[in-house]
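Asker: give me a 3D structure for the following:
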Amino acid sequence: MTGYAQRDIFFVSNSVDELGGVTSWSHQMARLFTERGHRVHVVGITPPAVAQELGEVAYPTTTLYDGQPPRPGRARAASMREQAARLTALFSAARPGAVVIVTQVWAMEWVELADTRGLTVIGMSHESFRYSKASSRFRRVLRHYRDVDRMLVLTREDADLWIGQGLNNASFMPNPLPFMPEVPSPRTQKVVVSMGRLHDQKGIDMLLDTWAEVAPRHPDWTLRIYGSGEDEEMLHKQCTALGLDSSVEWMGRTSDVPGALRGGSVFVQSSRGEGFPLALMEAMAMAVPCAAFDCAPGVHEIIRDEEDGLLAALGNTGELARKLSTLMSDEELRDRMGKAARVNIQRYTTEEIVRRWEDLFRFLER
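Answerer: Numbering: from 1, shown residues only. Okay, here's the model as predicted:
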């Protein structure tokens, strides 16, 4: 490593192995920083409700609670102080120049009770401003991230909106490309791929409504849905009620994302809210053209509409159906957009994003 100080870097999240994109991002960055010679520690507040398999990691992980913390009240306050003292002990053993990256605002409630003197503290929101504003997290971000050294979101557009709310420490940092496979999808199978947790945010119910319009026009195509989650039973019932069981394949979770994408010719994302969606980046890296709801600045920053993918207005299932149908009907268009996607997405290489993080650490240390 040349030109950059080797640092102690702490990632603090709700859980170290919670199912979802924030966990995947945290461990990707932890691995990248470790490979760059930094000393990384990943900390979770509680065990997750739904875990994801991490495999072996080259850095320590710590979970503060064995179960869920007490309900709000005196016992909760006492337990938070006790666990914050554990964070203080971890932080106090760090070398000068250490950085604490808080990936979710709930976890910040413990970090701000700990002693972080001499450390750089960065708070993150991995969702769009619009999606955050519709949730209880919005007020918590304004309250708990107001005094951190930098509050990071995923796009300049969202950073400007937070600055408009008085968070003058807001800036942005895009996600890195999860992988760049040597062998892209040949786009020869008549398969549309969806990938994400079976949860309201991911809008699989809207995807099924969309597919109900698409499937009759393309009876030789299949929708392949990868993912698991709390809405699985409800979605299966919806699928059956819409008469789609013969054209929809429920694949469950996969540990082979490139393999799953290599089996598709089109990718679809139907989310109600996103930050900077890794699934779109993964599909584009595999040269699979995407059709997606334009639900967040991160989506229209990743996809250049009509150039390397197609965007539909959020919630407009008819429009998303038309965009999907356009890609499914035109092999030449799929090939052109898929190849463009694979080239364009390389602006988010891991080397570029890690360099930007290290530049930020150095800037904030001044």
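Asker: and the strands in the stretch 151-300 of the chain?
Answerer: Here the stretch 151-300 of the chain has its strands, by DSSP state E, counting those that start in this stretch, at 170-172, 191-195, 222-226, 248-252, 266-269, 290-293.
Asker: residue 240: which of the ones you listed is closest?
Answerer: Nearest to residue 240 among the strands of the stretch 151-300 of the chain is strand 248-252 (9.5 Å), distances taken as C-beta to C-beta. Every residue, glycine included, has its C-beta placed from N, CA and C.
Asker: can you list the buried residues in that closest one?
Answerer: Buried positions in strand 248-252, judged by neighbour count with 16 or more other C-beta atoms under 10 Å: 248, 250.
Asker: looks to me like residue 42 is in a strand.
Answerer: Yes - per DSSP: H, G, I helix; E, B strand; the rest coil, residue 42 lies within a strand segment.
Asker: let's have the chain start at 30 instead
Answerer: All right, first residue 30 from here; so that's residue 71.
Asker: ok, how many other residues are close to it?
Answerer: Here the number of neighbours of residue 71 (other C-beta atoms under 10 Å) works out to 25.
Asker: residue 342 now?
Answerer: Residue 342 has 11 neighbouring residues, counting by other C-beta under 10 Å.
Asker: quick check: closest non-adjacent residue to it.
Answerer: Using C-beta to C-beta, 6 or more residues apart in numbering and skipping the chain neighbours, the partner closest in space to residue 342 is residue 348 (5.7 Å).
Asker: pull the number of nearby residues for the one you found.
Answerer: By other C-beta under 10 Å, neighbour count at residue 348 equals 18.
Asker: quick one: the helix or strand harbouring it to strand 251-255, angle?
Answerer: For residue 348, the host element (DSSP states H and E) is helix 346-358. Taking axes from the mean of the first three to the mean of the last three C-alpha atoms, to 10 degrees, one finds that helix 346-358 is oriented at 110 degrees with respect to strand 251-255.
Asker: would you mark the buried spots in helix 346-358?
Answerer: By neighbour count on 16+ other C-beta under 10 Å, the buried set for helix 346-358 is 346, 348-354, 356-357.
Asker: got the contact list for residue 90?
Answerer: Residues near residue 90 by C-beta atoms under 8 Å, 6 or more residues apart in numbering: 45-46, 70-73, 83.
Asker: what subset of those is buried?
Answerer: 45-46, 70-73.
Asker: I'd like those laid out as CSV, including pLDDT and distance to residue 289.
Answerer: Formatted as CSV, those follow (pLDDT from 0 to 100; distance: C-beta to C-beta, whole Å):
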residue, pLDDT, distance to residue 289
45, 97, 25
46, 95, 21
70, 98, 32
71, 98, 26
72, 98, 31
73, 98, 27
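Asker: now the two most distant members of the residues you listed.
Answerer: The farthest-apart pair in these, when distances are taken by C-beta to C-beta, is 46 and 70, at 14.7 Å.
Asker: so how far is stretch 121-130 off the chain centroid?
Answerer: Put simply, stretch 121-130 sits 25 Å off its chain's centre (C-alpha atoms, centre = their mean, to the nearest Å).
Asker: for this structure, what spans make up the helices?
Answerer: Ranges of helices within the chain are 50-64, 103-121, 134-140, 158-162, 166-173, 185-193, 233-243, 261-270, 286-291, 307-314, 326-331, 346-358, 360-373, 379-394, based on DSSP state H.
Asker: looking at those, which is nearest to residue 227?
Answerer: Of all the helices of the chain, helix 261-270 comes closest under C-beta to C-beta, at 4.7 Å.
Asker: residue 310: neighbour count?
Answerer: Neighbour count for residue 310, taken as other C-beta under 10 Å: 24.
Asker: how about residue 103?
Answerer: Counted with other C-beta under 10 Å, the neighbours of residue 103 add up to 8.
Asker: kindly report the same for residue 158.
Answerer: Around residue 158 there are 24 residues (other C-beta under 10 Å).
Asker: and for residue 62?
Answerer: Neighbours of residue 62 under the rule other C-beta under 10 Å: 23.
Asker: next one: residue 304
Answerer: 26.
Asker: skipping adjacent residues, who's closest to it in space?
Answerer: Nearest non-adjacent residue to residue 304, counting by C-beta to C-beta, 6+ apart: residue 155, 4.2 Å away.
Asker: residue 247 versus the one you found, what's the distance?
Answerer: 34 Å (C-beta to C-beta, to the nearest Å).
Asker: isn't residue 181 up against residue 152?
Answerer: Yes - the criterion here is C-beta atoms under 8 Å, and residue 181 meets it with residue 152 at 7.2 Å.
Asker: of the two, give the one with the bigger neighbour count.
Answerer: Just comparing residue 181 and residue 152: by other C-beta under 10 Å the higher neighbour count belongs to residue 152, 29 against 24.
Asker: what residues are up against the residue nearest to residue 304?
Answerer: For residue 155, the contacting residues are 50-51, 54, 132-133, 183, 304-305, by C-beta under 8 Å, 6+ apart.
Asker: ok, now how distant is the nearest residue to residue 68 once chain neighbours are set aside from residue 243?
Answerer: Nearest non-adjacent residue to residue 68, counting by C-beta to C-beta, 6+ apart: residue 37, 4.8 Å away. Distance of residue 37 to residue 243, computed by C-beta to C-beta: 50 Å.
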